[in-house]
Structure formats: C-alpha cells, structure tokens
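Participant: this one's sequence-less:
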C-alpha cells in the first residue's frame, strides 16, 4: 500500500504540474486528487506544484479527516469528496482553463459542436455559480455531473473525473478543446455553427465503447 500510495502521489504531482504547463491553470489555482482505497490524495492549498516532493503527500479519508501529511488540503476538498462519494471516480481534475471558463459565463450547456462530447457522457452542463470550497458548489457540481464525467463551473472553470488520472486529465483537455472550438466557430460574423443533435452524440457514445486497443 505504501508503494502504491507513493506512486499515486508522484503521478498526482506530475499531473498538477502539467495543468500549469498546458495553460489550464495559473499559479496554484485548480487542484487534482486520486482515490486509493478509502484515502484521497489531494494537492495542498496554496503550494506551487513545482515545490511538491514525496514528503509532501497530503491525504484525507472520505469524510475529509486528514490522515496523511501536515499540509492543508485544497480548499476545493468538499467538491472532490462529493464526486468520490457519489460516483465510481478514482481521480478528479479541476482547472480554471480559459476557454472553458469563458464558455461557462455564456451558456447553461456547452453547445454540441463536436462529437467528442460523447466522451464525457453527452452535452456538457454548466453548474450554477457558488463560492469556491463550499458544500453548495459541491452540490451544484454533482447535479451537473449526472450521467456525465465532466462539467463546467459558472465563472470558475472545469471539473472532470475518471477511473484513472490519465483519463480524468484527458477529459479535461478534451473539454477545454471543445470550448475553444465553439468560441472560435461562434465568433465568425454572420455565421452560426452547425450543432449535432443529441441522437448524433449518443450514437458516437455507443461507438466509443469499442474504441481503442482491447483490454
């Protein structure tokens, strides 16, 4: 278990650093977590990711009680724990990606401009605004995530989850790309983007079930 936890922490720190490198967050904004059994490893609050090392492992149980480390967990802990308690998620990625955050201020649902919306379970909803770190925000996020693996947070950012950290991160990147695509297409004067129907997105969802390499 100790070896598994150490490996998971190293992967978490690498993913958190990647959010900065990929321009999905600025500074210490955003947060990443991974569930190992009944323990959730999570980025600490206000610590630059490039300063995190093996000795900085930070973990809580599903009630939020700190069980690993001395650094204070991210302020968005209630949101992460709500997702773990309500879904089969094993990893959660939260960012302040620019294009996705911009879209969150414009619509209640990301228009289905590309079929990869199916990779997130269907049209991506926008959770209503609530102050960061609150139970209210966590509740809004759970509603937006119903039958979905990702959502936008009004005037705030994104949240995605997956069965692995790589999957959660890939979904975050895909969501940001779709938001950028819609903003780009909808900015052309005199033209309106062609959107897919829910049936077309659902069809792709079925096709994606068999996508990739066996196993």
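Facilitator: Now that the structure is in, tell me what you want to look at. Predicted model, so just to flag it, every value in this text is computed and none were measured.

Participant: Direction included, what does the host helix or strand of residue 94 pair against?
Facilitator: Per DSSP states H and E: residue 94 is located in strand 91-95. Note on strand 91-95: by DSSP bridges, its sheet partners are strand 31-36 (antiparallel), strand 157-162 (antiparallel).

Participant: Let me see the mean pLDDT of the first one.
Facilitator: What strand 31-36 shows for mean pLDDT is 98.

Participant: if I look at the residue of the chain most remote from its centre, how far off is residue 91?
Facilitator: Most distant residue from the mean C-alpha position of the chain: residue 190, 33.6 Å away (CA atoms, centre = their mean). Distance of residue 190 to residue 91, computed by CB to CB, to the nearest Å: 43 Å. In this view, the C-beta of every residue, glycine as well, is placed from N, C-alpha and C.

Participant: Also residue 174?
Facilitator: Distance from residue 174 to residue 91, counting by CB to CB: 15 Å.

Participant: that older thread, need the strands paired with strand 91-95 in JSON lines with distance to residue 3, can you?
Facilitator: Output for those, formatted as JSON lines (distance: least, CB to CB, whole Å):
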{"stretch": "strand 31-36", "distance to residue 3": "11"}
{"stretch": "strand 157-162", "distance to residue 3": "22"}
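
Participant: Would you mind giving those as JSON lines with distance to residue 106 and mean neighbour count added?
Facilitator: Output for the strands paired with strand 91-95, formatted as JSON lines (distance: least, CB to CB, whole Å; neighbours: other CB atoms under 10 Å):
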{"stretch": "strand 31-36", "distance to residue 106": "24", "mean neighbour count": "25"}
{"stretch": "strand 157-162", "distance to residue 106": "14", "mean neighbour count": "26"}
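
Participant: Mind jotting down where the helices sit in this structure?
Facilitator: 2-21, 77-86, 98-104, 135-144, 165-186, 198-208 (DSSP state H).

Participant: what packs against the second one?
Facilitator: By that I understand helix 77-86. In terms of contacts (3 or more CB pairs under 8 Å, 6 or more residues apart in numbering; DSSP states H and E), helix 77-86 is packed against strand 31-36, strand 39-42, strand 91-95, helix 135-144, strand 157-162.

Participant: circling back: of residue 174 and residue 91, who's got more company?
Facilitator: residue 91 (28 against 18; other CB atoms under 10 Å).

Participant: what sits against that one?
Facilitator: Residue 91 makes contact with 32, 33, 34, 35, 161, 162, 163, 164, 165, 167, 168, 169 under the criterion CB atoms under 8 Å, 6 or more residues apart in numbering.

Participant: Show me how far the helix or strand of the chain with the lowest mean pLDDT is from its chain's centre.
Facilitator: None of the helices or strands of the chain scores lower by mean pLDDT, DSSP states H and E than helix 198-208, at a mean of 92. Counting by CA atoms, centre = their mean, to the nearest Å, helix 198-208 is centred 22 Å from the centre of its parent chain.
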